[in-house]
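**Student:** Sequence first, then the predicted structure:
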Amino acid sequence: MKKVEGVMSPNKVLIIVPTYNESETIERLIARILPMRARISSEFNIGTDLLLVDDGSPDGTAQIVEELKYPWITVMKRKEKSGLGPSYIAGFQYGLDSRYQYLVEMDADLSHQPEALIEMFRPILAGEADLTIGTRWMPGGSVVNWPLGRQLISRAGTSYARIILRIQLRDITSGYRVFKNEVLSSIDFAKISSKGYGFQIEMALATLKNGFRIKEVPITFVEREGGVSKMNRAIVFEALWKVTIWGIQRVLIRR
């Protein structure tokens, strides 16, 4: 891992961005995060850093970011592609070890709008939530450039999870999130087994199980502007299968 800056200070925001072949969008993402760092500093008096967790991208994503030489960016180079879950856990552990107070999940493909961060921070800093989830399927939320079929699949998957798990979250698979340090510190990462998008469900369940509050914030989700989607049948199957198992376990525990 190459650190572009020295020891990081506490009480800061760490935006964690997992990457694999994101050379088409990563510079544009960073360009949009830049003004958000200034806004977060101005409105909340909190500094913001970025951690890129790169799974050995053959297209040189990590090298592109290193060459920018921004002092607030750290690049964590992993040897191989291991899935969304392990990448985020590596980033979370780094953030906790570096004593960041707030840790953000954000995709590298510009589907998550950095400009939404301000509203996602407000409930946490107001003491109303310990985790905020950027949500597409609620009043004020929307999707852009998604075909109807994909919207229906996403909505159906979310509805299935809500029914089986008996929770009220409307977009439990959303990967745009802001965590308080305390939430992640309470979770045993060794027990988080999902590698794909089921990871987001598993993390939300662990957050609720540990007694923390979750609030959903409406976002506009924009279909990726470059690269290739990492979604495949294996990832979908993993999420559906695990949701079913978790739902059964939750029923048995309540009996």
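**Tutor:** Cool, the structure landed. From a predicted model like this one, the values you see are computed outputs, not experimental measurements.

**Student:** quick check, residue 139 in a strand?
**Tutor:** No. Residue 139 is assigned coil when assessed by DSSP: H, G, I helix; E, B strand; the rest coil, not a strand.

**Student:** which residues sit in contact with the nearest residue to it once chain neighbours are set aside?
**Tutor:** Nearest residue to residue 139 in three dimensions, chain neighbours excluded: residue 218, at 6.7 Å (C-beta to C-beta, 6 or more residues apart in numbering). Where you see a C-beta, it was placed from the backbone N, CA and C, and this is true even at glycine. With contact taken as C-beta atoms under 8 Å, 6 or more residues apart in numbering, residue 218 is in contact with 134, 135, 136, 138, 139, 140, 141, 142.

**Student:** try 7 Å
**Tutor:** Listed by C-beta atoms under 7 Å, 6 or more residues apart in numbering, the contact set of residue 218 reads 135, 138, 139, 140, 141.

**Student:** Distance check, the closest residue to the fourth one other than its chain neighbours against residue 88.
**Tutor:** Setting aside the residues directly before and after it, residue 140 is nearest to residue 218 in space (C-beta to C-beta, 6+ apart), at 3.3 Å. Between residue 218 and residue 88 the distance, using C-beta to C-beta, to the nearest Å, works out to 23 Å.

**Student:** hmm, back to that, who does the residue nearest to residue 139 bridge with?
**Tutor:** Residue 218 forms beta bridges with residue 135, as assigned by DSSP bridges.

**Student:** The one 4 residues further on too?
**Tutor:** Each beta-bridge partner of residue 222 is listed here: residue 144, as defined by DSSP bridges.

**Student:** Tell me how many other residues surround it.
**Tutor:** Neighbourhood size, residue 222 [other C-beta atoms under 10 Å]: 16.

**Student:** separation between it and residue 142?
**Tutor:** Taken as C-beta to C-beta, the span from residue 222 to residue 142 is 9 Å.

**Student:** can you count the residues close to the nearest residue to residue 60 once chain neighbours are set aside?
**Tutor:** Leaving aside its sequence neighbours, residue 60 sits nearest to residue 23 (C-beta to C-beta, 6+ apart; 5.9 Å). Residues within reach of residue 23, counting by other C-beta under 10 Å, total 19.

**Student:** ok, now residue 154?
**Tutor:** 18.

**Student:** Three-state assignment for it, please.
**Tutor:** At residue 154 the chain is in helix, as set by three-state DSSP.
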